[in-house]
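>>> The following block contains a protein sequence and its predicted model.
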Amino acid sequence: MRLQATEGHYLTENFNVQPGYRRFLQSIELAGSEEAGYWKEITQSEKETIQLQASLFGNEGVSYEYLKKLEAVEETVPMCINEAGLTPAQALEMKRYFPDWAEILGTYADAGFMLNFEGVLLEVVTPHTLSADISPAQQPMMLNVTAGQDGAEQPVPVVYFKPVADVVAEMSSSQTDEIEDGADVTAAEDTTAAESTTATGESTVVEETEQNNNNI
């Protein structure tokens, strides 16, 4: 009996395998149908993730020394992740590594700085020093008081944070609009070209008719 993976997928063991020894196959010969349960199908992306894990663990697997190294990395990543240049979509995928707002109070955050607040990844819109007086819980906006043209104090809305998910949604909407605009331009160009071809054809017919009349 042959077990075959679908296109773009791989077969791998459906049980724990020591890192570095897992197999990724397109097909495998089985002694019987009962052995099919020993295998599972995974995507290319899942395969790459497993291989990355294997390269990190090596063939020795998890050890106390490895866990200590992992602990050190986990403590360092939140301090450096905002310098990684991640896109908003990538940041959402890795949001668990971003610092928590309550743990970095007193830190100056420039526009674009990302942090977690109550399970939501936020991006700083207005640069400021993170403070309990400017809490993300008071969103969608805080109010600053400034002097108006008549000298009277007027409240002015200031947005300090916005969800990164909203940024991703805005980018996706913008890309969709660009695609639609491009399609409209292409359609307009095709229409213009068709009209030009029609006009040229009509001109040719007129010229031929006039030439025939002159010959007569």
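Arrived safely.
>>> Check which helix or strand V168 maps to.
Take DSSP states H and E as the rule and V168 turns out to sit in helix 164-215.
>>> what about that helix, average pLDDT?
For helix 164-215, the mean pLDDT works out to 65.
>>> what comes up buried for stretch 79-96?
For stretch 79-96, burial by neighbour count (16 or more other C-beta atoms under 10 Å) applies to I81, N82, L86, P88, A91, L92, K95. (C-beta placed from N, C-alpha, C; glycine too.)
>>> which one among those residues gets closest to A111?
Distance to A111, by C-beta to C-beta, is smallest for N82 among the buried residues of stretch 79-96, at 11.5 Å.
>>> ok, the closest one touching A111?
No - in this structure N82 lies outside contact range of A111 using C-beta atoms under 8 Å: 11.5 Å.
>>> Distance check, the residue nearest the centre of the chain against S172.
Nearest to the mean C-alpha position of the chain, counting by C-alpha atoms, centre = their mean, stands A89 at 2.6 Å. Remark: distance between A89 and S172 (C-beta to C-beta, to the nearest Å) = 9 Å.
>>> Surely L3 forms part of a strand?
Yes - per DSSP: H, G, I helix; E, B strand; the rest coil, L3 lies within a strand segment.
>>> Distance from stretch 155-171 to the middle of the chain?
Offset of stretch 155-171 from its chain centre (C-alpha atoms, centre = their mean, to the nearest Å): 17 Å.
>>> Please apply the same query to stretch 105-112.
23 Å.
>>> Mind listing residues that contact that stretch?
Under the criterion C-beta atoms under 8 Å, 6 or more residues apart in numbering, residues N82, L115, E123, V124, V125, T126, P127, H128, T129, L130, S131, A132 lie in contact with stretch 105-112.
>>> make it 7 Å
With contacts defined as C-beta atoms under 7 Å, 6 or more residues apart in numbering, stretch 105-112 is touched by E123, V124, V125, P127, H128, T129, L130, S131, A132.
>>> Tabulate those (TSV), appending pLDDT, secondary structure and neighbour count.
Below are the contacts of stretch 105-112 laid out as TSV (pLDDT from 0 to 100; DSSP: H, G, I helix; E, B strand; the rest coil; neighbours: other C-beta atoms under 10 Å):
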residue	pLDDT	secondary structure	neighbour count
E123	96	strand	19
V124	95	strand	21
V125	93	coil	17
P127	94	coil	12
H128	94	strand	18
T129	95	strand	11
L130	95	coil	22
S131	94	coil	10
A132	92	coil	9
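>>> And those residues, which is closest to H9?
E123 (36.0 Å).
>>> ok, the closest one - contacts?
For E123, counting by C-beta under 7 Å, 6+ apart, the contacting residues are G112, M114, F161, K162, V164, V167.
>>> Check V168 too.
P88, A89, L92.
>>> One more: L92?
Counted by C-beta under 7 Å, 6+ apart, L92 has contacts L121, V164, A165, V168.
>>> out of the residues you listed, which is most surrounded?
Within these, most neighbours by other C-beta atoms under 10 Å means V164, with 23 neighbours.
>>> still on that earlier bit, so who does the residue nearest to the centre of the chain touch?
A89 is in contact with V168, counting by C-beta under 7 Å, 6+ apart.
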